[in-house]
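[1] Have a look; sequence and predicted model below, questions after that.
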Amino acid sequence: MSEALKEHVLSILNNHKVGTLATIRNDQPFSRFMMFFHEELVLYTATNKETHKAEDIEQNPHVHILLRKEDSWNSPYVEIEAEATVEETKALKEKFWNEQLKEWIDSPEDPNYLLLQLTPKKIYYYEKLGSKAQVL
């Protein structure tokens, strides 16, 4: 693994928290904006257990994530193919909890708080639109 490429990817993960998460439902893709957190290259996102995405992931854990570094068409971005699993660790749920989640989840102790761990299978890094992907 190229350390320089890993640093480019981590720069995007560190500086851009909102992106899209795509799941599969009835053989069709469904995307939605999500807030992402990470530890190294493993991503986490919070959701409510009562959402369609939770059902989608239960049926098919393969997801796709899209994050861009800045709000410019020519800024670097990543596409991530990942496998989603439910993370039940109280410490991680508390670590990734923030007030912005209150619209969907009352608190870190909310029984409907579902923390998804998204383990990358492939990460495609693009320096800009139209550039060739570098694969991590």
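    Great, that's in hand.
[2] The longest strand along the chain pairs with which strands, and in what direction?
    Scanning the chain for the longest strand, with DSSP state E as the assignment, gives strand 113-126. In its sheet, strand 113-126 lies beside strand 42-48 (antiparallel), strand 77-87 (antiparallel), strand 134-135 (antiparallel), with partners assigned from DSSP bridges.
[3] Return the set of buried residues in the second one.
    To tie it back to what came earlier, the one meant is strand 77-87. Within strand 77-87, the residues that count as buried by 16 or more other CB atoms under 10 Å are 77-80, 82, 84, 87. The C-beta positions use only the backbone N, C-alpha and C, and glycine is treated the same way.
[4] List the beta-bridge partners for the spatially closest residue to Thr85 that is not a sequence neighbour.
    If you skip the residues right next to it in sequence, Thr85 has Gln117 as its closest partner in space, 5.0 Å away by CB to CB, 6 or more residues apart in numbering. Beta bridges link Gln117 to Tyr44, Thr85, judged by DSSP bridges.
[5] In contact with Gln117, which residues are there?
    Contacts of Gln117 were listed using CB atoms under 8 Å, 6 or more residues apart in numbering, and they are 42-44, 84-87.
[6] What pLDDT is listed against it?
    Turning to Gln117, the model gives it a pLDDT of 97.
[7] Okay, buried residues for the biggest helix by length in the chain please.
    Of all segments of type helix in the chain, defined using DSSP state H, the longest is helix 3-15. Buried residues in helix 3-15, defined by neighbour count with 16+ other CB under 10 Å: 8-9, 12-13.
[8] Mind picking the one among these that's closest to Gln59?
    Ranking the buried residues of helix 3-15 by separation from Gln59, with CB to CB as the measure, puts Leu13 on top at 26.9 Å.
[9] The closest one reaches Leu67, doesn't it?
    Yes. Between Leu13 and Leu67 there is a contact under CB atoms under 8 Å: 7.0 Å.
[10] who touches both of these two?
    Residues touching both Leu13 and Leu67 (CB under 8 Å, 6+ apart): 36, 78.
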